[in-house]
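>>> Based on what follows, work out the 3D shape:
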Amino acid sequence: MVPAVKAKKHVDVARLAADLAGAKVELLSAQCATDRIRLQFSPQEVAAFGDRHTLQQAIASVEAVYNFFSQIGAQIRRAEEPVNGKK
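The predicted structure is shown next:
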C-alpha cells in the first residue's frame, strides 16, 4: 500500500477505486482485442495493410497509458523502498 501523500486537494478514494476498477476492465478488453489481431496477423502485415490513421491513434493511446502507469509504478516502487536500508 502506498502511504498517504500530502495533497492540496481532497482525494475521493471511493471514486478512485471505482474508476480504477472500470479502467482495469477496459484495459483487459483492449488487451484481448490486441491479442485477437496479434494471433491473426504479423506486425509486418498490420503495419503494411492496417489503416495508418487508426494505427497512429492506437499507438498514441498505448503510449499515453504506458506513460501514466509507468509514473504510478515508479511511485509505488519508491514508496516500497526500504528507509535507510531497513525493511
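>>> any low-confidence regions in this structure?
Scanning the chain for pLDDT under 70 picks out the ranges 1-8, 84-87.
>>> Domain map for it?
The record's domain split for the chain, according to automatic domain parsing, is 13-49, 51-80.
>>> Serialize the ones you listed to JSON lines and add fields for mean neighbour count.
For glycine as for every other residue, the C-beta is placed from the backbone atoms N, C-alpha and C. As requested, the domains of the chain are exported to JSON lines (neighbours: other C-beta atoms under 10 Å):
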{"stretch": "domain 13-49", "mean neighbour count": "10"}
{"stretch": "domain 51-80", "mean neighbour count": "11"}
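>>> where's Cys32 relative to Val25, distance?
11 Å (C-beta to C-beta, to the nearest Å).
>>> so how far is Gln57 from Leu39?
Leu39 is 22 Å from Gln57, by C-beta to C-beta.
>>> got it, and Arg15?
For Arg15 relative to Gln57 (C-beta to C-beta), the value is 28 Å.
>>> and what of Ser70?
20 Å.
>>> and the helix or strand encompassing Ala64, how far out from the chain's middle?
Using DSSP states H and E, Ala64 falls within helix 52-80. The chain centre lies 5 Å from the centre of helix 52-80; the measure is C-alpha atoms, centre = their mean, to the nearest Å.
>>> do stretch 38-54 as well
22 Å.
>>> Could the C-alpha coordinates of that stretch be exported in CSV?
Taking only C-alpha atoms (Å, rounded to 0.1, in the frame of the first residue of the first chain), the coordinates of stretch 38-54 have been written out as CSV:
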residue,chain,number,x,y,z
ARG,A,38,-1.7,-10.4,-32.9
LEU,A,39,-2.8,-14.0,-33.3
GLN,A,40,-4.1,-13.5,-36.8
PHE,A,41,-1.6,-11.1,-38.3
SER,A,42,2.1,-10.4,-38.1
PRO,A,43,3.3,-6.9,-37.1
GLN,A,44,4.6,-6.5,-40.6
GLU,A,45,1.1,-7.2,-42.0
VAL,A,46,-0.5,-4.8,-39.6
ALA,A,47,1.9,-2.1,-40.5
ALA,A,48,1.7,-2.7,-44.2
PHE,A,49,-2.1,-3.1,-44.6
GLY,A,50,-3.7,-1.5,-41.5
ASP,A,51,-5.2,1.9,-41.7
ARG,A,52,-2.4,4.3,-40.9
HIS,A,53,-4.6,6.8,-39.1
THR,A,54,-6.2,4.1,-36.9
